[in-house]
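Q: A predicted structure for the sequence below; I have some questions about it.
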Amino acid sequence: MDVSSALSLIFPESCVEGYINKKNYYNTVCFKLGLSKLLGYGVVLGSSLVKVPQIIKILKAKSGAGLSVPSLLLELLTFTSSFAYSVAKRFPFSSYGESIFLAFQTFLITWMTIGWEVSQVAGLVFAAVFAAFTAITLSPATPISALYTLQTLNVPIVVSAKLLQIYANWYNGSTGQLSAITVVLFALGSTARIFTSIQETGDSLIIVTFLLSTLCNYILLAQVVYYWRSPIKSSGKQKPG
């Protein structure tokens, strides 16, 4: 692969031509586009492992204590619908690729949590419903208007999902099996996504979603620090909802 081909993976053709032929190395627009693309691929790469610490923590404990199932379900809905919407809108993979990995990892966490905290049967029912929902949203037969509506709903859903976990942490006086590493990576990733969404999509729905998500992620991060190593309060309930 020559230099031109390598640069084309990051920059648009006009920028590559400017760098190679015109020696224009100080183009601010091209610099922002290149930075956005690199950050985007970094977020996608990081997302492939971002929830693995959470999954390992649940597997070791054989428990989903402290995790809010409603919050997980809402989070899974946002990742899946965001992926389907971005594919339908033909956005660059670097602007949404992490939603694929996050949806899969969130599915595993939700399935394990429901299986251990509710019942194995409930876990299987959840898996079947999620598979059907995913197939419908990714189907070419699904109109873009329906996906747009789902993406619009993502804004309050993202906030609700995060607030449910924030409330669960406050109620329990602990973050339970919530992984500190996962929370930190989410906060950093969502911060980067604000910039990449502005540069690569310009979609106000996605930008607002990441703005609010980032705010909630930093609140969760503050709770992780505040409740560090605090056990869940011993009471009749471990978590709300």
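A: It's in.

Q: contacting residues for the closest residue to Ser86 other than its chain neighbours?
A: Spatial nearest neighbour of Ser86, excluding adjacent residues (CB to CB, 6 or more residues apart in numbering): Tyr96 at 3.6 Å. Bear in mind the C-beta positions are built from the backbone N, C-alpha and C, glycine included. By CB atoms under 8 Å, 6 or more residues apart in numbering, the residues touching Tyr96 are Ser82, Phe83, Ser86, Val87.

Q: need the phi and psi values for Lys51.
A: Here is the backbone geometry of Lys51 (degrees, to the nearest 10): phi -100, psi 0.

Q: three-state assignment of Gly202?
A: Using DSSP: H, G, I helix; E, B strand; the rest coil, the structure places Gly202 in coil.

Q: dump the residue contacts of it.
A: For Gly202, no contacting residues are found, by CB under 8 Å, 6+ apart.

Q: off-centre distance for the longest helix anywhere in the chain?
A: Determined from DSSP state H, the single longest helix within the chain is helix 144-172. Centroid separation for helix 144-172 versus its chain: 12 Å, with CA atoms, centre = their mean, to the nearest Å.

Q: could you number the chain from 171 rather than 1 from now on?
A: Fine by me, first position is 171 from now on; the one you just mentioned is helix 314-342.

Q: how about that helix: buried residues?
A: Residues of helix 314-342 classed as buried: 317, 320-321, 324-325, 327-336, 338-339, 341-342 (neighbour count, 16 or more other CB atoms under 10 Å).

Q: quick one: average confidence on it?
A: Averaged over helix 314-342, pLDDT sits at 89.

Q: care to break the protein down by domain?
A: With domains defined by the TED database, the chain comprises 178-218, 220-312, 314-397.

Q: measure Ile227 to Glu287 for me?
A: Wrong residue type there; residue 227 is Lys, not Ile. To Glu287, Lys227 is 14 Å away according to CB to CB, to the nearest Å.

Q: and these two? Which one has more around it.
A: Neighbour tally, Lys227 and Glu287, criterion other CB atoms under 10 Å: the higher count belongs to Lys227, 20 against 16.

Q: what strand or helix carries that one?
A: In the assignment (DSSP states H and E), Lys227 maps to helix 222-231.

Q: check which element follows that helix along the chain.
A: Downstream of helix 222-231, the next assigned helix or strand under DSSP H and E is helix 239-258.

Q: what about that next one, distance to the chain center?
A: Distance, stretch centre to chain centre, for helix 239-258: 8 Å (CA atoms, centre = their mean).

Q: what's the helix or strand bottoming out on mean pLDDT in the chain packed up against?
A: When each helix and strand of the chain is scored by mean pLDDT, DSSP states H and E, helix 173-178 comes last, with a mean of 76. Here helix 173-178 touches helix 183-190, going by 3 or more CB pairs under 8 Å, 6 or more residues apart in numbering; DSSP states H and E.
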